[in-house]
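1. this one's structure only:
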């Protein structure tokens, strides 16, 4: 697609604040193990900003996976983490290639910044856990995180992308992430969880009852 | 569900044509490395066999297509990874595994027994081979 066409698309493609608020809530709820999702007024997002959110979410999961490899001895958890690194890295490479082909760069934005801030908080909290407590929390977070991001991509991003190449890339990534979600839910259940459904998906869980450090918050 | 199954018998002129094509050269290179190219894999099975049939299982959208395949003992099955992410093809009983199968890569196996298999990277991906 020609660059000017893409720029025109960007100018036309905006999201209203209500959708962005839902989007932000979903990401925060899915990403943060312990953070109460607070609806926030977000800016309208164009294609490049949505792409940046996707890349940020991608990188976030890679960082969680590296943390799991550093802290977990559970073979299933480690295998899952290896898959997250392998797959999300492949998606990141594809996004970079597409951006290069289009001659554009993803644009940082308020939602991405919020996502990074929450990821930092979750990482700090996860890093305090060890053994099965870490494994359970990591698996539950992965299940909830993928479910949130997948819902966001399916229901908010893809319907608002007109560029067929960008839309195709998002659809392809969604196929991968849906399998990750299924894998994470299974892993969480095998570790005694409920497939991540208890992890703040509806925004009703506070930090205290969602992420107690003694492991009784599940 | 898509299924591509081809006869194992070809006439001599056809076999010569296969060997002389660029694809035929690729087949030889693939054989030496233990893997075969995605397009020509079934042709190799055809050209080298006297009776067995080749079958292709496409890995697409993190699914094995077809998910269940009926073959005769001695047939060759070729798995082709069309996905962006790598996969493996491994027996559930751990008796065999393809190892990592990169994007656009392929792997073949001569079938001796019925198998249930899965992707070790994505355990929810499952497939089955049955003997006719």
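-> Perfect, thanks for sending it. These figures come from a predicted structure and were not determined experimentally. Residues are numbered from 1 along each chain as shown, chains lettered A, B, ... in the order given.
2. what sits against residue A:48?
-> Residues counted as contacts of residue A:48 (C-beta atoms under 8 Å, 6 or more residues apart in numbering or on different chains) are A:10, A:104-107. No exception for glycine: its C-beta is placed from N, CA and C like everyone else's.
3. distance of it from residue A:121?
-> Between residue A:48 and residue A:121 the computed distance is 26 Å (C-beta to C-beta, to the nearest Å).
4. residue A:143 reaches residue A:180, doesn't it?
-> No: the pair residue A:143 and residue A:180 does not pass the contact test of C-beta atoms under 8 Å, sitting 9.2 Å apart.
5. between these two, who's got more neighbours?
-> Under the criterion of other C-beta atoms under 10 Å in any protein chain shown, the comparison of residue A:143 against residue A:180 puts residue A:143 first, with 29 against 26.
6. give the phi and psi angles for the more buried one, as a check.
-> As for residue A:143, its main-chain torsions (degrees, to the nearest 10) stand at phi -60, psi -50.
7. tell me, how many residues neighbour residue A:159?
-> Taking other C-beta under 10 Å as the definition, residue A:159 ends up with a neighbour count of 10.
8. er, residue A:66 actually
-> Neighbouring residues of residue A:66 were enumerated by other C-beta under 10 Å; the total is 14.
9. tell me which helix or strand the nearest residue to it once chain neighbours are set aside sits in.
-> Using C-beta to C-beta, 6 or more residues apart in numbering or on different chains and skipping the chain neighbours, the partner closest in space to residue A:66 is residue A:85 (7.0 Å). The secondary structure element spanning residue A:85 is helix A:75-102 (assigned by DSSP states H and E).
10. and chain B, which residues reach chain A?
-> B:61-62, B:83-86, B:103, B:120-125 (C-beta under 8 Å from any C-beta of the partner chain).
11. let's see that with 7 Å instead.
-> Within chain B, the residues that sit near chain A (C-beta under 7 Å from any C-beta of the partner chain) are B:61-62, B:84-86, B:121-124.
12. of these - the most surrounded one?
-> residue B:85 (26 neighbours).
13. contacting residues around that residue?
-> Residue B:85 makes contact with A:86-87, A:90, A:176, according to C-beta atoms under 7 Å, 6 or more residues apart in numbering or on different chains.
14. quick revisit: okay, buried residues for the helix holding residue A:85 please.
-> Buried residues in helix A:75-102, counted by 16 or more other C-beta atoms under 10 Å in any protein chain shown: A:76-78, A:80-81, A:83-85, A:87-88, A:90-92, A:94-95, A:98-99, A:102.
15. all strands for the chain, in order.
-> Went with chain A since none was named. Secondary structure of chain A (DSSP state E): no strands present.
16. my bad, chain B
-> Listed in chain order, the strands of chain B (DSSP E) span B:4-6, B:54-59, B:64-65, B:68-71, B:76-81, B:90-91, B:106-110, B:115-118, B:126-131.
17. which residues of chain A lie near chain B?
-> By C-beta under 7 Å from any C-beta, the residues of chain A that approach chain B are A:83, A:86-87, A:90-91, A:94, A:172, A:175-176, A:179, A:182-183, A:186.
18. show me the two of those residues that sit farthest apart.
-> With C-beta to C-beta as the measure, no two of the residues of chain A next to chain B lie farther apart than A:94 and A:186, at 25.8 Å.
19. which intervals of the chain have sub-threshold pLDDT?
-> As the question left the chain open, I've gone with chain A. Within chain A, the set of residues satisfying pLDDT under 70 comprises A:1-43, A:195-218.
20. can you look at chain B instead?
-> Short version for chain B, where the test is pLDDT under 70: B:1-50.
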